[in-house]
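Asker: What follows is a protein structure lacking sequence information:
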């Protein structure tokens, strides 16, 4: 019984850690209207030319953006993933 309580507590802490990580996610878009999810709080330099939005951000009905996903830290520039 004691072991199952400890296991449940550890599972709960693990779930809390995953939730805390996702809370810092963001949607990032560049001037070419390419957007992607940034799973962490990265610092984008002004010369990257990107705008960081909250994770729940959505573009307007009259706007058009392209989703481009990529793993790792970086940004899209002219259709190419640039790592930083």
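Answerer: Looks like it arrived, so ask away. For clarity, every value in this text was computed on a predicted model and none was experimentally measured.
Asker: Now name the helix or strand holding the closest residue to residue 34 other than its chain neighbours.
Answerer: Nearest non-adjacent residue to residue 34, counting by C-beta to C-beta, 6 or more residues apart in numbering: residue 76, 4.4 Å away. Using the backbone N, CA and C atoms, a C-beta is placed for each residue, glycine as well. Secondary structure assigned from DSSP states H and E places residue 76 in strand 74-77.
Asker: Buried residues, that strand. List them.
Answerer: Of all the residues in strand 74-77, those buried under the rule 16 or more other C-beta atoms under 10 Å are 74, 75, 76.
Asker: Just after that strand, pick out the following helix or strand.
Answerer: Assigned by DSSP H and E, the successor of strand 74-77 is strand 80-83.
Asker: partners of that next one in the sheet?
Answerer: With DSSP bridges as the test, strand 80-83 is paired with strand 74-77 (antiparallel).
Asker: and the strand it pairs with, how far from the chain's centre?
Answerer: Relative to its chain's centre, strand 74-77 lies at 13 Å (C-alpha atoms, centre = their mean, to the nearest Å).
Asker: any residues touching that strand, and which ones?
Answerer: With C-beta atoms under 8 Å, 6 or more residues apart in numbering as the test, strand 74-77 has contacts from 28, 30, 32, 34, 36, 44, 48-50, 68, 70, 81-84.
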